[in-house]
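Chemist: Here's a sequence, model it:
(one chain, ligands or ions: 1)
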Amino acid sequence: TLFRGKSKMIALFVPDIMNPFFPELARAVEDVTNKYNYTFILCNTDGDLEKELTYIDTLQQKAVDGFIIVSSTITDEMLKKISVPIIALDRFFHSELASITVDNYQGGREATEYLQSIGCQRIAHLCGPESASNTMERLRGYMDVVRDTDWFLSSYLLSCNYNMEQAKVMTMEMLRNHPEIDGIFAANDVMAIGAMKAAEQLGIRIPEDLAVIGFDGISVGEATSPTLTTMAQPIYDMGTRAAEMLMEQIQTQVAPKTIETFPVHLLERESTKRKK
Ligand code: RIB
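Modeler: Below is the predicted model:
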């Protein structure tokens, strides 16, 4: 069956509704869809193929008019099942799809260089799931900065799945084994918050002994103690642009195969602010 939409509904797939990044993104999508008198359905997929497939099938039966997909797991086969417009947002890029992302490589570089500029010499990196292209780009940025320093050790690299609790537990162990670490660049803000919790429990002072920078710019970062320095993504603008692009595609039925890359910017807060 070829499903053609016309329900005036669109769907947004997110991998983790518990991470405040995604509600902030969803809020933007909702604002745009409301403007066009469309309804939007939020699907939390847990990055699970089965859940993604079920949502695709069910929503197409309900004649959903388009999809905005944040996923690192979705496959070409699954995409072929979708016969209405799709926008890939944040994580997944495909030459056949209109995609929206940020300059993850540059962000990874800048975060690491910034930690060096405030005097950090032993910088660890916490990265997200290997399947996520954006975390791999942030990692590449970090590696390109630290690669040539003679202190680089692979044990400074932890894979914490974009997850706060995992980041806390793993950072705790890393800091116990490597008290020389004086800077942490986490590939997202919730992992950075987990790392700060670990340091706090070990009695390590932030930012005096350990500087921490995250990535995302979620508003929770203003409420932590200390407040969190981060490479901020224009989350609301990315969501808005994705929804606008989708509405345009639904109206014209023409799919622009472009990748739009938004810049990230350094948001300096207390977790890195050392007294000169
Ligand atoms: O915090 C969630 C992370 O997953 C973000 O960094 C975002 O880019 C997404 O892929």
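Chemist: Determine the number of other residues adjacent to the closest residue to the ligand within the stretch 101-250 of the chain.
Modeler: Nearest residue of the stretch 101-250 of the chain to the ligand, counting by Cβ to the nearest ligand atom: residue 188, 3.5 Å away. All C-beta spots, glycine's among them, are computed from the backbone N, C-alpha and C. Around residue 188 sit 30 other residues, with neighbours defined as other Cβ atoms under 10 Å.
Chemist: centre of the chain versus stretch 206-220, how much separation?
Modeler: In terms of Cα atoms, centre = their mean, to the nearest Å, the centre of stretch 206-220 is found 15 Å from the chain centre.
Chemist: Wait, the residue of the stretch 101-250 of the chain closest to the ligand touches residue 21, no?
Modeler: Yes. Using Cβ atoms under 8 Å as the test, residue 188 is close enough to residue 21 to be in contact (7.0 Å).
Chemist: which residues are common contacts for those two?
Modeler: Taking Cβ atoms under 8 Å, 6 or more residues apart in numbering as the criterion, residue 188 and residue 21 both touch residue 216.
Chemist: Go ahead and confirm residue 128 touches residue 158.
Modeler: No. Applying Cβ under 8 Å as the test, residue 128 and residue 158 come out as separate, 10.7 Å apart.
Chemist: Comparing those two, which residue is more hemmed in?
Modeler: When neighbours are counted by other Cβ under 10 Å, residue 128 and residue 158 differ, and residue 128 comes out ahead with 24 against 21.
Chemist: what residues are up against the closest residue in space to the more buried one that isn't next to it in sequence?
Modeler: What sits nearest to residue 128 in space, not counting adjacent residues and going by Cβ to Cβ, 6 or more residues apart in numbering, is residue 135, at 3.4 Å. Taking Cβ under 8 Å, 6+ apart as the contact definition, residue 135 lies against 104, 127-129, 162, 187-188.
Chemist: Most neighbours of all these, which one?
Modeler: Neighbour counts for the contacts of residue 135 were taken using other Cβ under 10 Å; the highest belongs to residue 187, with 32 neighbours.
Chemist: Quick check on the residue of the stretch 101-250 of the chain closest to the ligand: phi, psi?
Modeler: Backbone torsions for residue 188, taken as degrees, to the nearest 10, come to phi -150, psi 170.
Chemist: Could you report the distance from it to residue 49?
Modeler: When distance is defined by Cβ to Cβ, to the nearest Å, residue 188 is 22 Å away from residue 49.
Chemist: just residue 8 next, same as before
Modeler: Taken as Cβ to Cβ, the spacing of residue 8 relative to residue 49 amounts to 28 Å.
Chemist: now do residue 256
Modeler: With distances defined as Cβ to Cβ, the gap from residue 256 to residue 49 amounts to 27 Å.
Chemist: list the helices and strands the worst-scoring helix or strand of the chain on mean pLDDT packs on?
Modeler: Scoring the helices and strands of the chain by mean pLDDT, DSSP states H and E places strand 157-159 at the bottom, with a mean of 86. Taking 3 or more Cβ pairs under 8 Å, 6 or more residues apart in numbering; DSSP states H and E as contact, the helices and strands that strand 157-159 lies on are strand 123-127, helix 164-177.
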